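In: got a predicted structure plus its sequence, pasted below:
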Amino acid sequence: QVQLVESGGGSVQAGDSLRLACAASGRTFSMCAMAWFRQAPGKEREFVAGITRSSGGKYYADSVKGRFTVSRDNAENTVSLQMNSLKPEDTAVYYCACRGGSYYPRPHESEYDYWGQGTQVTVSS
């Protein structure tokens, strides 16, 4: 069992930065491939970034590539998303998710076993 709690969301201006954090409880965090998803109003939840168990591989949606960076600290049971050059279209609720027992993240939400409650990010122009 893994419990996930996101933090770090807020309201910013276009061009600003935010850093989201996801704290995990449970001894199996290091066995999770982790990912960030987001869901904007009226839209489906979409993959944003993912990271392998060992941090050896990082994957990004095209819409955030070059602006967002995912990282994790298995000793601290945390995964982070550094978001730079934010745009209004980045406005969404951001979720972290664990794909248990898997090395690689996947871009499909159905493949994730545990989810956080989400944190709101609002970017105004």
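Out: Yes, it's here.
In: which residues touch the most centrally placed residue in the chain?
Out: Central residue of the chain (C-alpha atoms, centre = their mean): residue 36, 2.2 Å from the mean position. The contact partners of residue 36, by C-beta atoms under 8 Å, 6 or more residues apart in numbering, come to 20, 22, 47-50, 70, 79, 81, 94-97. The way it works is simple: take the backbone N, C-alpha and C, and place the C-beta from them, glycine included.
In: filter those residues down to the ones in strands?
Out: Counting by DSSP state E, these place 20, 22, 47-50, 70, 79, 81, 94-97 in strands.
In: can you put these in JSON lines and add neighbour count and pLDDT?
Out: Shown next, in JSON lines, are the ones in strands among the contacts of residue 36 (neighbours: other C-beta atoms under 10 Å; pLDDT from 0 to 100):
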{"residue": "20", "neighbour count": "25", "pLDDT": "98"}
{"residue": "22", "neighbour count": "26", "pLDDT": "98"}
{"residue": "47", "neighbour count": "21", "pLDDT": "98"}
{"residue": "48", "neighbour count": "25", "pLDDT": "98"}
{"residue": "49", "neighbour count": "26", "pLDDT": "98"}
{"residue": "50", "neighbour count": "24", "pLDDT": "98"}
{"residue": "70", "neighbour count": "23", "pLDDT": "98"}
{"residue": "79", "neighbour count": "30", "pLDDT": "97"}
{"residue": "81", "neighbour count": "27", "pLDDT": "98"}
{"residue": "94", "neighbour count": "23", "pLDDT": "98"}
{"residue": "95", "neighbour count": "23", "pLDDT": "98"}
{"residue": "96", "neighbour count": "32", "pLDDT": "98"}
{"residue": "97", "neighbour count": "27", "pLDDT": "98"}
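In: pipe these into TSV and attach distance to residue 32 per row.
Out: Shown next, in TSV, are these (distance: C-beta to C-beta, whole Å):
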residue	distance to residue 32
20	17
22	11
47	15
48	16
49	14
50	11
70	13
79	9
81	15
94	17
95	14
96	10
97	9
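In: closest one to residue 111 out of the residues you listed, please.
Out: If you rank the ones in strands among the contacts of residue 36 by distance to residue 111 using C-beta to C-beta, residue 97 comes first, at 9.0 Å.
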